[in-house]
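Next input, structure requested:
(one chain, ligands or ions: 1)
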Amino acid sequence: MATASVQAPNQERQRTVQGHTILLVDDSPTQVKRLQHLLSAEGYRVLVSRDAGEALAGMDVTQPDLVISDVVMPGMDGFELCRRIRDLKEASQLPVILLTHLNDPTHVLRSLEAGANYFISKPYHNGILLSRVAAALRREGGCCVAAQDGTVSCNYYGNRYAIAASKSQIIDLLLATYELAVEKNQEISKTQDALRRLNEELETRVAKRTAELRNTISELRQEIADRESAEECVRRLNRLHSVLSETSKAVVHIKDRKSLFHDFCRIAVDHGCFKLAWVGLLDKAGTMVQVAAARGSTAYLNGITITLDQEPTGSGPTASAIKNGSFYICNDFLNAANTAPWHERGREYGIRASASIALQQEGRVIGALTLYADKKNYFDRPQVELLRQMGADISFALGNMERDDRRLAVERALLQETSRRLQEREQHAQKIEYLAHYDPVTKLPNRFSLMARLAHSLELAKRCSNRLALIFIDLDRFKNINDSLGHHVGDQLLFQVAGRLLESIRSADIVARLGGDEFVVGLPLIRSNVSAAHAIGKIQHALCQSYYVEGHELSVTPSIGISIFPDDGETVQELMKNADLAMYHAKAGGRNNFQFFTQEMNQTVQERLVLEGDLRVAIERGEFLLHYQPQVEMSTGRVVGVEALLRWQHPVHGLVAPDRFIPVAEETGMIVAIGELALKAACRQLASWLAEGLPPIRVSVNLSARQFRQDNLPAVLLDILRETGIGSHLLELEITESSAMDNPAEAILHLQGFREMGVELAIDDFGTGYSSLSYLKLFPVHRLKIDRSFVKDIDTDTDDAEIAAATIALAHTLGKEVVAEGVETEAQCRFLQGQRCDIVQGYYFSRPLPPEELVPYLRNTPVPSPLTRA
Ligand SMILES: Nc1nc2c(ncn2[C@@H]2O[C@@H]3COP(=O)(O)O[C@H]4[C@@H](O)[C@H](n5cnc6c(=O)[nH]c(N)nc65)O[C@@H]4COP(=O)(O)O[C@H]3[C@H]2O)c(=O)[nH]1
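This is a model prediction of the structure:
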């Protein structure tokens, strides 16, 4: 059934199409819809029928003003419909427009046959279609109108054409035109087909291309993903290269381990973009101790425990790297079994992968550097390789540091040793410098400094015509203090003496110690000898006060000699020599004394020098001889021994007594040679007497202190005894009390040695020294010889008598005999006899006699009367 669609016409068209109904007959809904739309838009009432039969049957009802029908339709076609409409009475004049395709010219002819008013070929032009519709509705019969005369008037788009051609001509033309149109249409169709094919082909190609593009896109996506992955990889590698580059620089610059570890962690985090980096070192218990960590989530490390030998913390990446001594990669940190103890921590801090590199120091694994990344599978092969290099760099740096440390330690030790030695050398040099100029005991300038200062002062004195006094000071009996109380006491005493000297002089004066107990004071600005005497008075007073050393109250007195410039010398040496000489004179004149130098003193010195020279010659020439003084046993009156006393047969001065030359021989050391000569001569003499048939007597020989100390003396003695063949008990050695007390311990040893040889021993000059009883007991001597100074007044001076008596009693108590020297009178002899003195010696019995006189003496001299009476 037909449907109607009424469109609202506009005013203009309403006038034209008002009331016109157009019936559309077409089985194609698409065509219908298009036409319906077009016509309705023009204001026509449009009815539609999809079937020609149905349209025809409803014609009475629909009563259209125009029918537009398709030609080709199922059932009744358009030609038949047109023919049937013409057969209808009421609608025979109803305009019909057929729509045909321009593909068959017969359609034109069949349309004309069927009585169609118009035919419009498809595809149609909207304007042409509407123009035909309008013309048909106006019943204009098309654009051509047949005239009476048989011509046809044609109005074509406003232009009128009068056509006189015959119908056949027109139909021919129409057909020809139509054929042309069909041909054109076919061409178009072909073209359209071609186009369609092309289109289809295009679509196929497009589809294919699209598929290809899709593939390409997918491949591109994959490629991009791969490239991104590769780029990411390159970026990581670049970062690692950067890390390596920075670590290499660090290796060169960093000098201590702490900075090295810290910087490596910092470089790893800053340049390697790791989430966290830390260095742990193994302690002695095998536990990792964190020593450095850098940025990122360092809180991750708080309270973390990594051990080597405990599970499960001993199987983690760091422990594994240390155990295998290389590295360990964990690319799925949160799912790996061996990282289980740290999964929760790792989740919290976003850790997904880790790499640990063992750190070695000189081949020994000491810890590990561990790096954390926030992506799984972060560490690939190239990165691992670079990490290994990084580990090698750190190990290299550690090795270098170790070597550097060792080298530095050695260098430091060398430096310290060098500076210690330099310091020592410096101190040594200072000490030498000090010792070169100062006396270490008293801190006073020494001889060297003194000479320099005196030379300077003398120079000034010469320039200013001033006087200069040189004072030589020697401490009396200082040697005794030194010997009896020890050097340390002596040194302290000298120090105090120096202090007192310094206090006694003016600032311009000079004080120095020459050595031993000798001091020198230089007074550069004295006006006269009297001023020098005043200064000396002050010095004497200061030095004579008591000294207190280690609980001992000590007293010393000075012997002082003075020389004055210009009177007593022009040079320092001259002045020194003369002051020294004056000092000796002071000492000789009684201690605690002072002496100005005089020319007479100088003469004595000259004499002494001559004496020294003569003594040397005397030794060479053998100018010495011995006199023998008998020693008489008081109990029997027999001569039991003789004392050998040296004499010098001087070629000019005659016989010289020992007191004159022995002190000089002692000082110069010549006494050793002279003493040996005396020993030999005495023993030979005794051997000779014995050989002559004299009864055996003892011969006593004096030993000087210096001779007594000679190490080779026992050997010399043995030689002499062996050579002379006398019994050692017939030889007695006399040593002075002061020699024995010089070094008592050493003296005891020497004396014991002699005693073991069988030699008799005596202490000479007993009473003049300071023998302590304790030592006396220890001296293994046979006799004590009371000094003749005590014997001299023994019968008049009670003190001397008491001393002699006490000495004899003491000696006897100690099991020793007593020899009294210098017995000149009978009274002395009797006193000594009364005291049970054992042996006496002196002028009362005999002077020392030359050997040739002794034998007659021994043979002819009767026992002196006091002894016979006894
Ligand atoms: N006034 C007086 N004098 C008497 C009397 N009896 C003896 N004299 C002297 O007293 C001295 C005793 O000898 P000395 O005390 O050992 O004292 C000796 C001794 O210490 C030393 N001396 C002598 N000969 C040697 C020697 O060969 N070697 C060493 N080292 N010293 C010797 O020279 C010192 C002096 O010897 P000398 O001049 O011979 O003097 C001797 C002797 O002549 C007397 O009754 N009255």
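
what residue ranges in this protein score low on pLDDT?
The model of the chain has pLDDT under 70 over residues 1-18, 102-103, 140-144, 156-158, 295-297, 602, 605, 769-773, 868-870.

now G78: how far from D474?
From G78 over to D474 the distance is 177 Å, taken as C-beta to C-beta, to the nearest Å. Where C-beta positions appear, they are placed from N, C-alpha and C, glycine not excepted.

Close to the ligand: what parts of the chain are there?
629, 644-646, 657-659, 662, 675, 678, 702, 704, 764-765, 788, 821-824, 842-843, 848 (C-beta under 6 Å from any ligand atom).

Select only the buried ones of those in ChimeraX?
Buried residues among the residues of the chain next to the ligand (16 or more other C-beta atoms under 10 Å), as a ChimeraX selection:
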select :629,644,645,646,658,662,675,678,702,704,764,765,788,821,822,823,842,848
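
Which of the residues of the chain next to the ligand fall within helices?
Using DSSP state H, 658-659, 662, 675, 678, 788 are the members of the residues of the chain next to the ligand that sit in helices.

between G78 and D474, which one's more packed in?
Between G78 and D474, G78 has the larger neighbour count (other C-beta atoms under 10 Å), namely 28 against 21.

excluding its backbone neighbours, what's nearest the more buried one?
The shortest distance from G78 to any non-neighbouring residue, by C-beta to C-beta, 6 or more residues apart in numbering, is to V71 (3.8 Å).

Could you report the neighbour count for that neighbour?
Look at V71: counted by other C-beta under 10 Å, it has 23 neighbours.

show me what contacts the nearest residue to D474 once chain neighbours are set aside?
Nearest non-adjacent residue to D474, counting by C-beta to C-beta, 6+ apart: S559, 4.8 Å away. Residues near S559 by C-beta atoms under 8 Å, 6 or more residues apart in numbering: 473-476, 583, 586-587, 591-594.

The closest residue to the ligand within the stretch 451-600 of the chain and F333, how far apart?
Using C-beta to the nearest ligand atom, the point where the stretch 451-600 of the chain gets nearest to the ligand is A588, with a distance of 17.1 Å. Applying C-beta to C-beta, the value for A588 to F333 is 110 Å.

likewise A687?
117 Å.

those helices in the stretch 601-750 of the chain, which residues are they?
In the stretch 601-750 of the chain, the segments counted as helices under DSSP state H, counting those that start in this stretch are 658-668, 671-692, 705-709, 713-724, 737-742, 744-756.

deepest of those helices, which one?
Among these, helix 737-742 has the highest mean neighbour count (mean count of other C-beta atoms under 10 Å), at a mean of 21.

so what's D719 up against?
Here D719 is in contact with no residue (C-beta under 8 Å, 6+ apart).

Which secondary structure elements does the lengthiest helix in the chain sit against?
Ordering each helix of the chain by length in residues (DSSP H) puts helix 167-253 first. Other helices and strands packing on helix 167-253, by 3 or more C-beta pairs under 8 Å, 6 or more residues apart in numbering; DSSP states H and E, are helix 106-114, helix 257-272, helix 381-437.

deepest of those, which one?
Note that of these, helix 257-272 is the most buried (mean count of other C-beta under 10 Å), with a mean of 21.

what are the phi and psi angles of Q361?
Torsion angles at Q361 (phi, psi; degrees, to the nearest 10) stand at phi -130, psi 110.

Beta-bridge partners for it, please?
Listed beta-bridge partners, Q361: R364 (assigned using DSSP bridges).

Report the separation between it and V823.
98 Å.

Now for this structure: which strand has the highest residue count?
As assigned by DSSP state E, the longest strand anywhere in the chain is strand 639-650.

Would you map out the domains in this structure?
21-138, 231-406, 443-597, 631-642+669-859 (the TED database).

how about the ones you listed in CSV, adding distance to R205?
CSV is the format used below for the domains of the chain (distance: least, C-beta to C-beta, whole Å):
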stretch, distance to R205
domain 21-138, 27
domain 231-406, 35
domain 443-597, 123
domain 631-642+669-859, 135
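
Compare neighbour counts for A588 and F333 and give me the winner.
Taking neighbours as other C-beta under 10 Å, A588 and F333 compare with F333 leading, 23 against 12.

State the distance from the more buried one to the ligand.
Plainly put, F333 is 108 Å away from the ligand if you go by C-beta to the nearest ligand atom, to the nearest Å.

Kindly report the same for E620.
18 Å.

number of nearby residues for that residue?
Using other C-beta under 10 Å, E620 has 9 neighbouring residues.

OK, now which residue of the stretch 301-450 of the chain is nearest to the ligand?
R447 (31.2 Å).

contacting residues for that residue?
Contacts of R447 (C-beta under 8 Å, 6+ apart): 512, 514-515.

ok so, going back, nearest to L611, of the domains of the chain?
Closest of the domains of the chain to L611 is domain 631-642+669-859, at 10.7 Å (criterion: C-beta to C-beta).

sorry, back to before: any of the contacts of S559 buried? List them.
Buried residues within those, counting neighbours by 16+ other C-beta under 10 Å: 473-476, 583, 586-587, 593-594.

Could you tell me which of those belong to strands?
Among the buried ones among the contacts of S559, DSSP E puts 473-475, 594 in strands.

which of these lies closest to G551?
Using C-beta to C-beta, L475 comes nearest to G551 of those, at 20.3 Å.

Mind listing what's buried along stretch 725-732?
726, 728, 730-732.

ditto for stretch 832-842
Neighbour counts over stretch 832-842 (16+ other C-beta under 10 Å) mark 832-833, 835, 837-842 as buried.

which residues sit against it?
Residues from elsewhere that reach stretch 832-842 (C-beta under 8 Å, 6+ apart): 629-635, 640-641, 643, 783, 786, 788, 791, 794, 804-805, 808-809, 812, 817-824, 828-829, 866-867, 870.

Among the residues you listed, which are located in strands?
Filtering the contacts of stretch 832-842 for strands - DSSP E - leaves 629-633, 640-641, 643, 783, 786, 817-820.

now, which of those sits nearest Y124?
R783 (184.7 Å).

what's the closest non-adjacent residue to the closest one?
A762 (4.1 Å).

cool, L677 as well?
F624 (5.8 Å).

Surely that neighbour touches R647?
Yes: when contacts are counted by C-beta atoms under 8 Å, F624 is listed as touching R647 (7.0 Å).

residue nearest the centroid of this protein?
Centre of the chain computed as the mean C-alpha position; nearest residue by C-alpha atoms, centre = their mean is L408, 5.5 Å away.

for the residue of the stretch 101-250 of the chain at minimum distance from the ligand, what are its contacts?
Nearest residue of the stretch 101-250 of the chain to the ligand: A250, at 89.4 Å (C-beta to the nearest ligand atom). Contacts of A250 were listed using C-beta under 8 Å, 6+ apart, and they are 260, 263-264, 267, 397.

again with D77
52, 71.

repeat that for 10 Å
Listed by C-beta atoms under 10 Å, 6 or more residues apart in numbering, the contact set of D77 reads 52, 69-71, 98, 110, 114.

follow-up on the earlier one: and the buried residues of stretch 832-842 as a markdown table, adding secondary structure?
Formatted as a markdown table, the buried residues of stretch 832-842 follow (DSSP: H, G, I helix; E, B strand; the rest coil):
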| residue | secondary structure |
| --- | --- |
| L832 | helix |
| Q833 | helix |
| Q835 | coil |
| C837 | coil |
| D838 | coil |
| I839 | strand |
| V840 | strand |
| Q841 | coil |
| G842 | coil |
